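Enquirer: Structure here, sequence nowhere to be found:
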DNA sequence: TTTGGCACTCGAAGACAAAGAGTGCTAACA
DNA sequence: TGTTAGCACTCTTTGTCTTCGAGTGCCAAA
């Protein structure tokens, strides 16, 4: 059922007006604000059809119409035109991201923060998936007897470490020997292929009782595995409280309750992300993933939209960044903001890696 | 102006009742719920005096009384009796804290989380102040040319590290030499005494051009300095939305806005903490710091109380942990919860350090 | 000093009406 | 056949008024 031009136009202005006023838009107000060259009665009958198609709906009989989830979807998919960001917005974002940082994670945090500030919504960023990175170095640094810092270096220069406990009487040398063995056996292997078995079988003839050795190797294994862990940075949740969409306390509460569960959000976005990454056809560099209202199967997100995109470190590392805002948002503006943040982030990444 | 026993009793039940009902308590309701053996008229005149003393107040003429900030203060200082925690509460807290962790920071996070869950309020924890710890080790681990992981080990076995960039053409050996020099020059020195000057003057005759050397040393210095940084873990902010005290959107918004600024809260609590630490007379192990309503000079905290206490790692490291709740809270219960969390945290710390 | 009684205050809650925006439907029109 | 004007109807919003009740302050008597 392709929409004719007039229906498209009407849907578009319904969305536009509703987004900017947060008031259901009626036939009369609509023709007053936009010159459609038709009467309100015509608009009414068109609206009735749009409603039949499930694209708009009325909160109650005598109110105007508001876009339904499917209406927003249609708008986003084919009615919206993404415009360029104003110089001012660019400046604000650039300055927030380009603050000098040493660690990649800080850079990602800054980018997410810039996004939250410039959109006025909540933002999120997920550190890159590292499953397919491979191990390049593994060092074990004795801090004191029984306590070792395991440093894991991955192919893209990513460094992760973990403090672990090992049997007290192992010497510096023994530990160094173990880590060298593990490193030489596993370096070049993708993280996802490293298992407890490959780790334990990487050390032979160590002259150390098996049980002790295995303890150390187990810790080494956990250190390697946790390098794979995704971190999520969720910021600006409180900004959602300033939106009229969440003026109702119960809505605000539900939203923030869910939002407080980092892990759940990370898992959800991660899945979204994976879809696109695996679906090569769709992975054009500039595409955002958009989930609107009920499309997000999380409690309290009925009035929200997720807009996320991917960023890259080098050629292989892929993470996500995006916003969580009200579904009643200026999609085109937010998309261009995200896009700009993504690009700025990439640039800064490159600088960081010289 | 010491209160006579009856006034004390009345103030006490006003607080108790108001805390449990969130309704201004009137003279009649008061004598009905508690057998004071006096008439409501007597209570009324007593209340009028308590009001004159600034301990209670009325929201409006024909309502009951609610405690003022000073009323809560009086209650907390001399009317309240801290009772023991129920076995059930203990179990809940213990199980949340004793989840196996490797890092001290996770333990602290768990403790803070347990506090938030068991109180139903927001909680915070601040990592220990390390200014007075001294450096025991400094290692620089070459990750790749131009990229070095600086590992700082402090007296209490605390390990911090930072990835830094150095000139590309410095060799493994040169870096090792530099770090060894710095370590031997500075180990044993308290963090607060380490300055850029002490760091740079610790390496002599390095056979490396000064400008390069200084770059490396500067990075080493920043790595050491950032070991001193306080981290704050703020959790369960969203729980505040479920309290009737913050049903008004504007209050909730203001509170969460301020709460979203970790740094500000950290700074504030840090100051509170320092006061008590420096004031030896008051640093009895079990004391909580309590700040009520306007005593907290932060925007949006008029209806909140801070209750914080200190925890120790070993004998010297002192951090803070506490809750941010509505000032209309069961102080005695919360205090015993914090106290129990603190003790459990200490126990687990010991286990972690064997 | 305590108490019962009483007039008074003020907010909460409910009822009701008027206003206003918007709808659907129908009949007429180009 | 698509468009439009007109009209009755619906439903929320807003404001006003009233009632109800809990609570107060004050006073005179015990």
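Expert: Received the coordinates, thanks. Only a predicted model underlies this, so the values are computations on that prediction, with no experimental measurement involved.
Enquirer: burial of the residue in chain A that DNA strand D sits nearest to, as a residue count?
Expert: With CB to the nearest atom of the strand, the shortest gap between chain A and DNA strand D falls at residue A:62, namely 2.7 Å. For the C-beta atoms, the positions are set from N, CA and C on the backbone; glycine is no exception. Number of residues near residue A:62 (other CB atoms under 10 Å in any protein chain shown) recorded here: 8.
Enquirer: Tell me the secondary structure at it.
Expert: At residue A:62 the chain is in coil, as set by DSSP: H, G, I helix; E, B strand; the rest coil.
Enquirer: Likewise for residue A:322?
Expert: strand.
Enquirer: so who does the nearest residue to it once chain neighbours are set aside touch?
Expert: Nearest residue to residue A:322, sequence neighbours excluded (CB to CB, 6 or more residues apart in numbering or on different chains): residue A:308, at 2.9 Å. Listed by CB atoms under 8 Å, 6 or more residues apart in numbering or on different chains, the contact partners of residue A:308 are A:124, A:269, A:272, A:273, A:288, A:289, A:320, A:321, A:322, A:323, A:338.
Enquirer: follow-up on the earlier one: check contacts around the residue of chain A closest to DNA strand D.
Expert: Counting by CB under 8 Å, 6+ apart, residue A:62 makes contact with nothing.
Enquirer: circling back to that earlier point, what about the residue nearest to residue A:322, which helix or strand?
Expert: Using DSSP states H and E, residue A:308 maps to strand A:304-313.
Enquirer: List the buried residues of that strand.
Expert: A:304, A:305, A:306, A:307, A:308, A:309, A:310, A:311, A:313 (16 or more other CB atoms under 10 Å in any protein chain shown).
Enquirer: Look up how far residue B:47 lies from the third one.
Expert: Remark: distance between residue A:306 and residue B:47 (CB to CB, to the nearest Å) = 54 Å.
Enquirer: number of nearby residues for the residue of the stretch 151-300 of chain A found nearest DNA strand C?
Expert: Of the residues in the stretch 151-300 of chain A, the one nearest DNA strand C is residue A:249, at a distance of 15.6 Å by CB to the nearest atom of the strand. Counted with other CB under 10 Å, residues neighbouring residue A:249 total 16.
Enquirer: contacting residues for it?
Expert: B:241, B:247, B:249, B:252.
Enquirer: mind listing the helices for chain A?
Expert: A:5-21, A:27-33, A:40-52, A:69-74, A:87-97, A:104-119, A:172-186, A:196-200, A:210-226, A:249-259, A:262-278, A:331-352 (DSSP state H).
Enquirer: The nearest residue to residue A:81 once chain neighbours are set aside: how many residues sit nearby?
Expert: Residue nearest to residue A:81 in three dimensions, not counting chain neighbours: residue A:332, with 6.4 Å by CB to CB, 6+ apart. Under the neighbour criterion other CB under 10 Å, residue A:332 is assigned a count of 16.
Enquirer: Residue A:332 against residue A:85, yeah?
Expert: No. With contact defined as CB atoms under 8 Å, residue A:332 does not reach residue A:85; the gap is 10.3 Å.
Enquirer: tell me the two of the contacts of residue A:249 that are most distant?
Expert: B:241 and B:249 (9.7 Å; CB to CB).
Enquirer: need the contact list for residue A:292.
Expert: A:69, A:72, A:73, A:76, A:305, A:327.
Enquirer: So which bits of the stretch 51-200 of chain A are right by chain B?
Expert: The stretch 51-200 of chain A comes close to chain B at residues A:102-103, A:137, A:139, A:141, A:143-144, A:146-147, A:149, A:151, A:153, A:157, A:159, A:161-165, as judged by CB under 8 Å from any CB of the partner chain.
Enquirer: circling back: please type out the ChimeraX selection for whichever of the contacts of residue A:249 turn out to be buried.
Expert: A single ChimeraX command selects the buried members of the contacts of residue A:249 (16+ other CB under 10 Å):
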select /B:241,249,252
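Enquirer: Next, format the contacts of residue A:249 as a markdown table and append pLDDT.
Expert: Converted to a markdown table, the contacts of residue A:249 look like this (pLDDT from 0 to 100):
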| residue | pLDDT |
| --- | --- |
| B:241 | 95 |
| B:247 | 90 |
| B:249 | 90 |
| B:252 | 94 |
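Enquirer: For burial, what's the neighbour tally of residue A:147?
Expert: Residue A:147, neighbours per other CB under 10 Å, totals 18.
Enquirer: no wait, residue A:258
Expert: Residues near residue A:258, counting by other CB under 10 Å, number 19.
Enquirer: In contact with it, which residues?
Expert: Each residue near residue A:258 by CB under 8 Å, 6+ apart is listed here: A:264, A:265, A:298, A:299, A:300, A:301.
Enquirer: Selection in ChimeraX covering whichever of the residues you listed are buried, please.
Expert: In ChimeraX syntax, the buried subset of the contacts of residue A:258 is picked out as below (16+ other CB under 10 Å):
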select /A:265,298,300,301
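Enquirer: is it true that residue A:243 touches residue A:326?
Expert: Yes. With contact defined as CB under 8 Å, residue A:243 reaches residue A:326; the gap is 5.4 Å.
Enquirer: Overlap in contacts, the two.
Expert: Each of residue A:121 lies in contact with both residue A:243 and residue A:326 under the rule CB under 8 Å, 6+ apart.
Enquirer: tell me which residues of stretch A:54-66 are tucked away?
Expert: Under 16+ other CB under 10 Å, the buried positions of stretch A:54-66 are A:55, A:56, A:57, A:64, A:65, A:66.
Enquirer: Lowest pLDDT pick from those?
Expert: Ranked by pLDDT, the buried residues of stretch A:54-66 bottom out at residue A:64, which scores 90.
Enquirer: That one contacts residue A:58, doesn't it?
Expert: Yes. With contact defined as CB under 8 Å, residue A:64 and residue A:58 form a contacting pair (7.1 Å).
Enquirer: and for these two, which residues touch both?
Expert: With CB under 8 Å, 6+ apart, residue A:64 and residue A:58 have common neighbours residue A:24.
Enquirer: which one is residue A:28 nearest to, not counting chain neighbours?
Expert: Per CB to CB, 6+ apart, closest to residue A:28 is residue A:40, 4.7 Å.
Enquirer: before we move on, what about residue A:256?
Expert: Residue A:256 sits nearest to residue B:238 (CB to CB, 6+ apart), 3.9 Å away.
Enquirer: same check, this time on residue A:124
Expert: Nearest residue to residue A:124, sequence neighbours excluded (CB to CB, 6+ apart): residue A:234, at 5.0 Å.
Enquirer: What is the neighbour count of that neighbour?
Expert: 20.
Enquirer: thought it was touching residue A:121?
Expert: No. Under the criterion of CB under 8 Å, residue A:234 is not in contact with residue A:121, lying 11.6 Å apart.
Enquirer: in the stretch 101-250 of chain A, what spans have low per-residue confidence?
Expert: In the predicted model, the stretch 101-250 of chain A carries pLDDT under 70 at residues A:206.
Enquirer: Touching stretch A:179-187 from outside, list them.
Expert: A:134-140, A:150, A:194, A:198-199, A:201-204, A:206, A:217, A:220, A:224.
Enquirer: closest point of chain A to DNA strand C, which residue?
Expert: residue A:26 (2.4 Å).
Enquirer: Hmm, that residue is touching residue A:64, no?
Expert: Yes. Counting by CB under 8 Å, residue A:64 is a contact partner of residue A:26 at 3.6 Å.
Enquirer: Now for these two: what residues contact both?
Expert: With CB under 8 Å, 6+ apart as the test, residue A:26 and residue A:64 reach no residue in common.
Enquirer: Show me chain A divided up by domain.
Expert: Domain segmentation of chain A under automatic domain parsing yields A:5-79, A:87-129+A:230-352, A:135-226.
Enquirer: Just put these in a markdown table and tack on distance to residue B:93.
Expert: Formatted as a markdown table, the domains of chain A follow (distance: least, CB to CB, whole Å):
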| stretch | distance to residue B:93 |
| --- | --- |
| domain A:5-79 | 42 |
| domain A:87-129+A:230-352 | 19 |
| domain A:135-226 | 24 |
